[in-house]
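1. Quick one, structure for this:
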Amino acid sequence: MIRQQTGNIAFLAAIIFVLTACGESGSGDYCDNHYEFHASHIDSVVELSIELSEEGALGGRLLVPKSALDDTTLSGIETLLASTEKTFSLQSQVPCDISVTNLNWVNDILDVRYAASCGADNKIGKIDVTLFDHIDGLEEVVTSVTTPATAKRFGISRQCDAPIFRVD
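-> Sure thing, here's the model as predicted:
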C-alpha cells in the first residue's frame, strides 16, 4: 500500500513536471489570474481526466469541443486521437496496455475514453501529455488527475510557462 501511494505521488509530481514543459513560455496577468479569464473561453477548452486505482487500472477521458479545433485539425481529429500516444503516454516499470475504448461525437464535443491495465505493483514514473505536440491550434487543456492518495485539477496553456492551479 505504501509503495503504491509513493508511486502515485511520484506519478502526480511527474505529471505536473511534464505538463509545465508543454506550450510556449509566457506569464503575466493572464497566467497569474487565469481564473478571471477562464469563463470567457470555457467553450473551447479541452478537458483530460486520468484516474488511477490501487489495483493499477487507469481510466482516461478526453473531451474536445469542436470550437477548440481549426478546420484542418477537425477533419482528422478522430484518426489522430484513436492513437493513444497522440494524447498521452505512460512511462512505467512494465509497459501498460493503453487502448481507446470509446470515441464519438456528442453535441459537438468529441468524447474519447481510454483504459489501461498497469498492474498493482507497476510503478508509473511519469505521464507525457502530448496533445500540444499534435494539435497545433490547441490553446488550453484542463487536466484532472486522481489517484488513491490525491486528486488535482489544473490547466495547461500555451501562453503560460507553468500549470495553472486556480482555473475556475
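2. what are the ranges of the helices in the protein?
-> 2-20, 29-32, 34-37, 71-81, 131-134 (DSSP state H).
3. average pLDDT for the longest one?
-> Meaning helix 2-20. Taken as a whole, helix 2-20 carries a mean pLDDT of 45.
4. how many other residues sit next to the nearest residue to Ser157 once chain neighbours are set aside?
-> Distance criterion C-beta to C-beta, 6 or more residues apart in numbering; nearest residue to Ser157, sequence neighbours excluded, is Glu140 at 4.7 Å. Backbone N, C-alpha and C define where each C-beta goes, glycine included. Using other C-beta atoms under 10 Å, Glu140 has 23 neighbouring residues.
5. hang on, Glu140 packs against His41?
-> Yes: the criterion here is C-beta atoms under 8 Å, and Glu140 meets it with His41 at 7.2 Å.
6. Identify the residues contacting Ser144.
-> Glu47, Leu48, Ser49, Ile50, Ala151, Lys152, Arg153 (C-beta atoms under 8 Å, 6 or more residues apart in numbering).
7. Closest to the centroid, which residue in the protein?
-> Leu48 (4.1 Å; C-alpha atoms, centre = their mean).
8. residues contacting that residue?
-> Leu48 neighbours (C-beta under 8 Å, 6+ apart): Gly60, Arg61, Leu62, Leu63, Thr87, Phe88, Val129, Leu131, Val141, Val142, Thr143, Ser144.
9. Now a ChimeraX select for only the buried ones of those residues.
-> Buried residues within the contacts of Leu48, by 16 or more other C-beta atoms under 10 Å, are selected in ChimeraX with:
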select :60,61,62,63,87,88,129,131,141,142,143
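10. where's the dip in pLDDT among the contacts of Leu48?
-> Val129 (79).
11. so that one bridges to which residues?
-> Phe88 (DSSP bridges).
12. looking at it, it is touching Glu85, isn't it?
-> No: if you go by C-beta under 8 Å, Val129 and Glu85 don't touch, sitting 11.0 Å apart.
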